[in-house]
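Enquirer: Got a sequence here, can you build the structure:
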Amino acid sequence: MSFRPPPGQPPGAQQVPEPLTPPPAFIPPQPAPFRGDPRAIERCLFRFTYVWLVNGEQFWFFPVFIGTRSVAGFRWTGRSWRQTGFDLRLIFAFTCF
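Expert: Numbering: from 1, shown residues only. Predicted coordinates for the structure are as follows:
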């Protein structure tokens, strides 16, 4: 997936749509473990997504790109959004709003 640069920005530059607001102020209930197509998270592109990783980490995430084996976007630190990415195989469960 690629993004078009805004007017006045040089060709080839990418505009990554960072969320403008914090995520919801709650932690959703964890759904059943994620099994099946790792690209199922595509339905969560550009949506607030709560992610549980296989290592026990959990956090709000705002995905903006999904590759064949990885996902990239913004992770909520509790105060701000930070760009991040990780392997799709690390996802244990997720839910998006």
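Enquirer: Roughly how far does residue 26 sit from residue 17?
Expert: 23 Å (Cβ to Cβ, to the nearest Å). Using the backbone N, CA and C atoms, a C-beta is placed for each residue, glycine as well.
Enquirer: who does the strand of greatest length in the chain touch, helix- and strand-wise?
Expert: Counting residues, the longest strand in the chain under DSSP state E turns out to be strand 58-66. Counting contacts by 3 or more Cβ pairs under 8 Å, 6 or more residues apart in numbering; DSSP states H and E, strand 58-66 packs against strand 49-53, strand 70-76, strand 81-87.
Enquirer: returning to that earlier point: looking at residue 26 and residue 17, which has the bigger crowd around it?
Expert: With neighbours defined as other Cβ atoms under 10 Å, residue 26 and residue 17 compare such that residue 17 has more, 11 against 7.
Enquirer: which ones are touching residue 63?
Expert: 41, 44, 45, 46, 47, 49, 71, 72, 73 (Cβ atoms under 8 Å, 6 or more residues apart in numbering).
Enquirer: My error: substitute residue 33 in the last question.
Expert: Contacts of residue 33 by Cβ under 8 Å, 6+ apart are 92, 93.
Enquirer: likewise residue 31?
Expert: With contacts defined as Cβ under 8 Å, 6+ apart, the neighbours of residue 31 are 93, 94, 95.
Enquirer: how about a cut-off of 6 Å?
Expert: Counting by Cβ atoms under 6 Å, 6 or more residues apart in numbering, residue 31 makes contact with 93, 95.
Enquirer: Let me know the helix or strand that it is in.
Expert: Under the criterion DSSP states H and E, no helix or strand holds residue 31.
Enquirer: Adding distance to residue 32, write the helices and strands packed on strand 58-66 out as JSON lines.
Expert: As requested, the helices and strands packed on strand 58-66 are exported to JSON lines (distance: least, Cβ to Cβ, whole Å):
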{"stretch": "strand 49-53", "distance to residue 32": "11"}
{"stretch": "strand 70-76", "distance to residue 32": "19"}
{"stretch": "strand 81-87", "distance to residue 32": "21"}
